[in-house]
Each structure stands twice: as structure tokens, then as C-alpha cells.
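Engineer: Below are the sequence and a predicted model; questions follow.
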Protein chains: 2
Amino acid sequence: MKKLFVIKIGGNVIDNEAALDVFLQKFARIDAPKLLVHGGGKIATRLGDKLGIESKYVDGRRITDDATIDLVTMVYGGLINKKIVAVLQSLGCNALGITGADGNLVPAEKRPVKTIDYGWVGDVKAGEMNGQTWSQLLEAGFVPVLAPLTHDGAGHILNTNADTMASSVAVCLGQQYDVRLIYCFEKKGILADIEKEDSAITHLNKENYTSLKAAGKLFAGILPKIDNAFAAIDAGVQEVLIGHADDLLQNTGATTTGTLITH
Amino acid sequence: MKKLFVIKIGGNVIDNEAALDVFLQKFARIDAPKLLVHGGGKIATRLGDKLGIESKYVDGRRITDDATIDLVTMVYGGLINKKIVAVLQSLGCNALGITGADGNLVPAEKRPVKTIDYGWVGDVKAGEMNGQTWSQLLEAGFVPVLAPLTHDGAGHILNTNADTMASSVAVCLGQQYDVRLIYCFEKKGILADIEKEDSAITHLNKENYTSLKAAGKLFAGILPKIDNAFAAIDAGVQEVLIGHADDLLQNTGATTTGTLITH
């Protein structure tokens, strides 16, 4: 199977224009089928402040009301997505900026109201994803750039978690490609010692993960990320890599600097 | 050759949510390959007012400065484009929302500064358009929804005239499809008598246009639109139709209510 890189960047890269430029230069140089999923960052919050749109929380959870979904549709789907596309195009990378609503590429549903009504928030319906639609775009030579938005099938845009979108796309395309799903963040990888930046664990599988976890060696905050990585692998993704945005090119190669997670 | 409808709607439809919904229901029902090009409308101006972004003019021409290009990228490429996509998807129409920057689908250049610096405004480089990229999207079953934005090849988004984008796409695809380019506006068509709404001229060709113009029977304001229509036809578009947004379905049929312009 052909190699495919599904790469996710978060707010820490997006919020820093210089860091984003450096990252995109690296991304453009990856010589293989690839796609980029980007998060939101703080631009929406700053713009919301100027417009008097307050961030609303219920029980510590952020709520996406009418004004907020319009705001993030503008910022994530418009400003951030198209800036990334324009920069990638200038670097010879044939970026195509989309959301999960476009072409129904990431089917979703409005999160059901149980104790909290999250508002216009989407949960991905991973089972309904259409791998053929995705591969048609990739085979046509496009490099999809995916903003963290979906739709509810009833005419509304939904705010959607970028990590989940990335893993859903990786799982779906794992049936047709040998997928490495790369989460870029601000650390070298999963650190064996949270105090030491150079202590990234080079390789995690279920066996050593179980023993490291049992020994209490892992930072608790990273455990959900690792569990999600194993869930993606169980669902058909070949490899998940968690590493620093600066190390993108090493982490698309054979010798990686981040934490490579396999079955 | 297969029939293709390239349809352009302007601000008068976009600014009225109810009118837009009615239009999109009609658009979704067109049973042929199709694509939609939308203009901007007043939403950007209203949002700009809230953000304290002033509309700037030099010699009566609107200038797109740094703040304004970010504003229209958000509103045209994000808010309007994705709302249209979500509504069309809910109607079973596989809309894919893009700008001219995405996939370099509409190559452009920053308008050269002669007497006026228009700022981040793009002129379409029609000769560089790639019909194969467009037809790949259409053949894959997508219905492209194009926002009036392009890029300069150097990493910047450009504000671009939606009428010109529509005619450029129509010309490019005229080599592979039998294209009817439809401009929807707020009149039934080109009126023989500007005072009479029901006086739409059913058919214009170069011959009767020349005599109508010579007789001073046409409203001067409409002449550039007609000249652009003939330019598109000379460049390879089969037919151009100018009609009311409400009459979209009639105007995609054999018996049209608007003004059909042919060679």
C-alpha cells in the first residue's frame, strides 16, 4: 500500500505566524501523499473579544452558541484555512482547503444533549466516512487542508475537535493507504521524564505502554492522547507519531525523533 | 458534449437569508453537472463596521487593505461559503466549498499598480486555468461552490470579482462541456423597457444587440454585462443567460424566461 501522512497541527503553531511559516515549509517538502488537519488557536477568541462575543462555559465545558459558530466558521474555515492554502500554494504544494462539511468528507452529528447542551458541536460519525471520496482528492493530486468544522446534515456547521477529525480521516484512509498519523505539538514526544525535554520515548507499543503506565512513569495529562493513538491503531491506522512540529521532516522518515506508537 | 451549468449569484440573494434558502433549494434540484459562484454581499461591510475596519476608497474605487483582505477571507471564504455548503449538503447536493486559491483552481495576480493601488485585489490569469483539475472535481461528483477569492502565488489571498471568476471558469470548462453561464440578478432579464419588469428580451445575439444598442433602447448600465457575456461566448462559452434568481429552474431548461445570449 502507498504511504500517506495525516498530519495535525494545533493552536501553538497556528498562533505564531513565524512558526507556522517554518512548519508549512517543512510540510510542503514531504515527498509523499499527505494531508493537513489544523486546529483553531486563539485568533477566534481574540476576534470574539473585539466583537463582544463572550466565551460561554457550563460546568467548565465550552459552549458553541449561534454567535460562536459563526465566529469559528469565519476564522477556522476562512481566515486560517485560506492563509495556510495560500502559503502552501506559494511553496508548490497543491493545497485544497476544506472543512468536513465540504463533499460531506467528515460526516458528523450535533452532540446529543445529556447533562450539558454543548450547542453547535459535532461528533464525527466515523462509520459513515467515504474513503473513496477522500482518495479521489488525493489521487487527483490535491493536498487536503482540513479545518475543524463539520455539518449536521440539516444545514448547520458544527465546531469539531481537530484531533478526532485527524484520527477519523486516518482510520478511514488506513484501508487504502499505509497511514502514519502525526500529531505535532510543543514537545519532542512523550517524555519518560516530564522535567527532561530530551527524554522522549522513541517507541511505544501496548506491551511497554502497559508497564510504563503501571510503573507511574507517564505524565497523566498525556494518557488520553496515547489511548486515542492506540484506538486509531486498533481501527486500522498503521502508525501514530507524537512529536515536535519542528521535527516534522525527521518524523516522516525512517528514523524518527518523536514517539512512534505501533500495535 | 455534456451540459454544465455555471451559475453566479450576487449580494442581493446572499444578503437575504430567506431568498438564499429558496435559491439553494432550486439550485440543488438542477439535474446536471453544475457549479455555483457566489459574491460577497453586505455581511463583510457590517462585520467590518463592528470591528472598526473602514471601507477605503481612492478616486471612488474601493481599496482592499490588510484588514479588509482578512475580513473578506473570513466572510466570503468562511461564513458565506460554508453556510451555502451546509445547506446544499442538507438538500442532498454534494457541495464542495472552495476559493480560487484552493487547488490553484483560479490562478490570479495582484492587480498591478498604475494610477491606483487597489491593495489585495486579484485579476484572473484566465490563460493559466487548468480545465483538467476542474473536471476531475466535477467527474468525482462534487458540486463546486466558489467564493470570490484567489491567491497571488506568493502566499497572499486576493479579493476578486465574482462575475469575472464565473466567466473565467465557464470559458475554461467550455472546452470540455456545453456550458450555459447563468448570471442571477434581481430582474427577469435584460429589459427592452427599463420601466417594465415584464419586458425581458428573450434572446440576444450580436446582430440584434448591435441594432438595439444603435437605437438607444438598452439601459446604459447593463451594456458592460452584455459585452462581458459576448466576450465569454467568443472565448468558448456556448450560452450566457441573464435572469432572475427566482427563475433559476426555468432558466436551466429549454424554455427560458431570462435573456439568452448566444453568438
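Structural biologist: Perfect, I can see it now.
Engineer: what's the span of stretch A:198-212, first residue to last?
Structural biologist: End-to-end distance for stretch A:198-212: 18 Å, by Cα to Cα, to the nearest Å.
Engineer: Pick out the residue in chain A sitting closest to chain B.
Structural biologist: Chain A approaches chain B most closely through A:Gly78 (2.3 Å), counting by Cβ to the nearest Cβ. (C-beta placed from N, C-alpha, C; glycine too.)
Engineer: Checking the nearest residue to that residue once chain neighbours are set aside next. Helix, strand or coil?
Structural biologist: Excluding the flanking residues, the one nearest A:Gly78 by Cβ to Cβ, 6 or more residues apart in numbering or on different chains is B:Gly78, at 2.3 Å. In three-state terms, and counting by DSSP: H, G, I helix; E, B strand; the rest coil, B:Gly78 is helix.
Engineer: is it true that B:Gly78 touches A:Met74?
Structural biologist: Yes. Counting by Cβ atoms under 8 Å, B:Gly78 touches A:Met74, with 4.1 Å between them.
Engineer: who has more neighbours, these two?
Structural biologist: B:Gly78 (30 against 27; other Cβ atoms under 10 Å in any protein chain shown).
Engineer: who's in contact with the more buried one?
Structural biologist: Going by Cβ atoms under 8 Å, 6 or more residues apart in numbering or on different chains, B:Gly78 touches A:73-79, A:81-82.
Engineer: thinking again about what came up before, could you report the pLDDT at the residue nearest to A:Gly78?
Structural biologist: pLDDT for B:Gly78: 98.
Engineer: likewise the one 3 residues further on?
Structural biologist: Taken from the predicted model, the pLDDT recorded for B:Asn81 is 98.
Engineer: ok, it touching B:Gly40?
Structural biologist: No. Judged on Cβ under 8 Å, B:Asn81 makes no contact with B:Gly40 at a distance of 10.6 Å.
Engineer: More neighbours: these two, which one.
Structural biologist: More crowded of B:Asn81 and B:Gly40, by other Cβ under 10 Å: B:Asn81, with 29 against 21.
Engineer: any idea which element that one lies in?
Structural biologist: Following DSSP states H and E, one finds B:Asn81 within helix B:81-90.
Engineer: what distance separates that helix from the centre of its chain?
Structural biologist: In terms of Cα atoms, centre = their mean, to the nearest Å, the gap separating the centre of helix B:81-90 from the centre of its chain is 17 Å.
Engineer: Can I get the next helix or strand along the chain from that helix in CSV? Just the C-alpha atoms.
Structural biologist: Next in sequence after helix B:81-90, counting helices and strands by DSSP H and E, comes strand B:95-99. What follows is strand B:95-99, C-alpha atoms only, in CSV (Å, rounded to 0.1, in the frame of the first residue of the first chain):
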residue,chain,number,x,y,z
ALA,B,95,-21.3,20.8,-2.5
LEU,B,96,-17.5,21.4,-2.1
GLY,B,97,-16.8,24.9,-0.9
ILE,B,98,-13.6,26.4,-2.3
THR,B,99,-11.8,29.6,-3.3
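Engineer: Quick one: the strands in the stretch 151-263 of chain A, in order.
Structural biologist: Under the criterion DSSP state E, counting those that start in this stretch, the stretch 151-263 of chain A contains strands at A:157-159, A:177-185, A:203-204, A:239-244, A:259-261.
Engineer: So which bits of the stretch 1-150 of chain A are right by chain B?
Structural biologist: Proximity of the stretch 1-150 of chain A to chain B (Cβ under 8 Å from any Cβ of the partner chain) is limited to residues A:47, A:50-51, A:70, A:73-79, A:81-83, A:85-87, A:89-90, A:94-99, A:101-104, A:133, A:136-137, A:140, A:142, A:149.
Engineer: A:Asp49: neighbour count?
Structural biologist: Using other Cβ under 10 Å, A:Asp49 is surrounded by 11 other residues.
Engineer: That one is in what secondary structure piece?
Structural biologist: According to DSSP H and E, A:Asp49 maps onto helix A:43-51.
Engineer: Could you list the residues in contact with that helix?
Structural biologist: A:14-15, A:54-55, A:67-68, A:71-72, A:74-76, A:79-80, B:47, B:50-51.
Engineer: And the residues you listed, which of them are buried?
Structural biologist: Listed as buried from those are A:14-15, A:68, A:71-72, A:74-76, A:79-80, B:47; burial here means 16 or more other Cβ atoms under 10 Å in any protein chain shown.
Engineer: Isn't A:Ala67 up against A:Lys56?
Structural biologist: No. Contact criterion Cβ under 8 Å: A:Ala67 and A:Lys56 do not qualify, at 9.4 Å.
Engineer: tell me, what's touching those two both at once?
Structural biologist: By Cβ under 8 Å, 6+ apart, no residue touches both A:Ala67 and A:Lys56.
Engineer: got the buried ones among the contacts of helix A:43-51 as a markdown table, with distance to A:Cys172 columns?
Structural biologist: Listed next are the buried ones among the contacts of helix A:43-51 as a markdown table, based on distance: Cβ to Cβ, whole Å:
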| residue | distance to A:Cys172 |
| --- | --- |
| A:Ile14 | 24 |
| A:Asp15 | 29 |
| A:Thr68 | 28 |
| A:Leu71 | 29 |
| A:Val72 | 24 |
| A:Met74 | 27 |
| A:Val75 | 26 |
| A:Tyr76 | 21 |
| A:Leu79 | 27 |
| A:Ile80 | 23 |
| B:Leu47 | 35 |
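Engineer: returning to what we had before: now render the contacts of B:Gly78 as a markdown table, adding distance to A:Phe27.
Structural biologist: Formatted as a markdown table, the contacts of B:Gly78 follow (distance: Cβ to Cβ, whole Å):
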| residue | distance to A:Phe27 |
| --- | --- |
| A:Thr73 | 24 |
| A:Met74 | 24 |
| A:Val75 | 21 |
| A:Tyr76 | 18 |
| A:Gly77 | 19 |
| A:Gly78 | 20 |
| A:Leu79 | 19 |
| A:Asn81 | 14 |
| A:Lys82 | 16 |
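Engineer: Can you give me the buried ones in stretch A:137-149?
Structural biologist: Buried residues in stretch A:137-149 (16+ other Cβ under 10 Å): A:137-138, A:140, A:142-149.
Engineer: With that, I have no additional questions.
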